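Asker: coords please:
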Amino acid sequence: MISQNQKSKFNQEKIKADNPQWLEELKIKGKFENLGYPILKLHNGEFYKVGNGTKKKFKDIKLEIGRYDVAFFREGPFLPSREGGSNRVYNLAKHIKGLKVCVIHCYRGWSNYKFMEKEKFTTFLLTPRDYYSVSFVYNLLNKIKVKIVDFDYPEIVITHGIKLKTLGFKVVYDAQNVITRLLSEMGLDEKIIKLNRFYEIKACNIADMIHCCSDVDKTSLHKLGVPSTKCITIPTGVDIEKIKFNRNINSNKLFFLGNLFYEPNSSGLLEFVKKVLPLIIKKKNAKLYLIGDIPKNLKNILRSKYSECVVILGPIDDLNKATTSGGIGISFIKIGSGIRVKILNYFALGLPVVSTEVGAEGLNTKNYKNILIANTPRNFANAVLSLQNNPALYMSLSSNARKLVENKYSWYKSSDILERAYIKLLTKD
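Answerer: Numbering: from 1, shown residues only. Presented below is the predicted three-dimensional model:
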């Protein structure tokens, strides 16, 4: 499901994406020419032109491009990973060890190919036209001998999945959100909800397997009529090797981490700034630091009205550096499904967290053990103030939360569960 802001960005980029000139930036030292609509293979610092949708047939490609067990499809922004969907696809591809995986990415200029070329797994860049061409995708999958395709949007499960299943591929749907529920909670028009419910249910019916972010989402899909036997829970995780535990205490810094183009994040942030932050500032010095992509209109509102108490850091690749002095993680979220990656990052960083019940949904948390839960503005403010006044509580929540992500939410554990599910799927008749 794509937000209005993302749709607007897509429309602006579509002309660029559909014009071969967008590949000019990938002319690295003359290694290949821009011939129209090629597939580009990025792996271990090297670029290879492995095909062309308009001027070459796949049988004419001489370059050996390998065999892959699993192909992850990524429609939206990919790398650098700054939001939940790209984070999930990237880390599952990165941490699966027993199967050979690749990523097939619909490149619209939103991602930076320089990040992809550094990874150990292979990324294939396709233009939108080729990404949404069933015959083009089939030819690529057949050429690289893929067995399982893992799609991240219901629409592409529908457009590609039926044909690919008849041709012998196993089709998997990565249900990163329960879209019907999310749109209902956002209060959108019933016609939009009904259409997306149709897409979501149809995608689930087509898929051989569905993996959800949490047991709560699995239950929500079951309520839509999706057989629970089709679904497995693959918790969204955190890279515990990359993110270091920080023992510093700084209760005057509040952090809100997330993509603010995403409605549940932006609406939650605005309510927090308007209703909760003033209650905190009345009693204690505090500033809110925002990390993540932010729409221009929201940035203007915050700078014009709340510049004294809100600091916009924007997208940051090194969370360790940004939070080195410590702070409190905020998850004032009222709508949504899936798992809040922001909370897992807070936990891993050693930032004690205050969240709403919805914000912490799907996580195996316990109030006052590894998180503080509060739903009303006053209760939420009081929870933040309790951390400011109680260093022992601050450190207790911090250390317990880090243990939780190490034990239950590392990408190694999640990818291992998914890998075993893939193997089981391949052995089915």
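Asker: domain assignment for the protein?
Answerer: Under the assignment automatic domain parsing, the domains of the chain span 4-233, 253-409.
Asker: dump those domains to JSON lines, plus distance to residue 244.
Answerer: Where you see a C-beta, it was placed from the backbone N, CA and C, and this is true even at glycine. Listed next are the domains of the chain as JSON lines, based on distance: least, C-beta to C-beta, whole Å:
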{"stretch": "domain 4-233", "distance to residue 244": "17"}
{"stretch": "domain 253-409", "distance to residue 244": "5"}
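Asker: quick one: which of the ones you listed is nearest residue 420?
Answerer: domain 4-233 (8.8 Å; C-beta to C-beta).
Asker: quick one: mean pLDDT over that closest one.
Answerer: Average pLDDT, domain 4-233: 77.
Asker: and it, how far out from the chain middle?
Answerer: 13 Å (C-alpha atoms, centre = their mean, to the nearest Å).
Asker: repeat for stretch 341-349
Answerer: Worked out by C-alpha atoms, centre = their mean, stretch 341-349 lies 14 Å from the chain centre.
Asker: contacts for that stretch next, please.
Answerer: Residues from elsewhere that reach stretch 341-349, judged by C-beta atoms under 8 Å, 6 or more residues apart in numbering: 83-84, 87, 236-240, 243-246, 255-258, 319-320, 323, 329, 331, 352-353, 355, 359-360, 363, 370-371, 401-402, 404-405, 409.
Asker: tell me the buried residues in stretch 231-242?
Answerer: 231-232, 234-240 (16 or more other C-beta atoms under 10 Å).
Asker: can you list those in CSV and add distance to residue 68 and secondary structure?
Answerer: Shown next, in CSV, are the buried residues of stretch 231-242 (distance: C-beta to C-beta, whole Å; DSSP: H, G, I helix; E, B strand; the rest coil):
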residue, distance to residue 68, secondary structure
231, 24, strand
232, 21, strand
234, 19, coil
235, 25, coil
236, 23, coil
237, 22, coil
238, 26, strand
239, 23, coil
240, 27, coil
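Asker: which one of those residues is nearest residue 285?
Answerer: residue 238 (29.9 Å).
Asker: ok, the closest one touching residue 408?
Answerer: No - using C-beta atoms under 8 Å, residue 238 makes no contact with residue 408, being 10.2 Å away.
Asker: the stretch 101-250 of the chain: helices as residue ranges?
Answerer: Counting by DSSP state H, counting those that start in this stretch, the stretch 101-250 of the chain has these helices, from start to end: 113-116, 128-131, 134-143, 154-166, 179-185, 190-206, 215-223.
Asker: kindly check the end-to-end length of stretch 325-345 for me.
Answerer: Start and end residues of stretch 325-345 are separated by 15 Å (C-alpha to C-alpha, to the nearest Å).
Asker: show me the one of the domains of the chain that comes nearest residue 422.
Answerer: The nearest among those, by C-beta to C-beta, is domain 4-233 at 5.7 Å.
Asker: picking that back up, just the buried residues of the contacts of stretch 341-349.
Answerer: By 16+ other C-beta under 10 Å, the contacts of stretch 341-349 give 83-84, 87, 236-240, 243, 245-246, 255-258, 319, 323, 329, 331, 352-353, 355, 359-360, 363, 370-371, 401-402, 404-405, 409 as buried.
Asker: which among the domains of the chain is found nearest to residue 427?
Answerer: domain 4-233 (10.6 Å).
Asker: pull up the distance across stretch 345-359, start to finish.
Answerer: End-to-end distance (C-alpha to C-alpha), stretch 345-359: 13 Å.
Asker: ok, and for that stretch, which residues are buried?
Answerer: 345-356, 358-359.
Asker: give me the number of residues near residue 133?
Answerer: Residue 133 sits with 18 neighbouring residues when counted by other C-beta atoms under 10 Å.
Asker: relative to residue 72, how far out is it?
Answerer: Using C-beta to C-beta, to the nearest Å, residue 133 is found at 18 Å from residue 72.
Asker: again with residue 112
Answerer: On the measure of C-beta to C-beta, residue 112 and residue 72 end up 18 Å apart.
Asker: neighbour count winner among the two?
Answerer: Each of residue 112 and residue 72 has its neighbours counted (other C-beta under 10 Å); residue 72 has more, 26 against 13.
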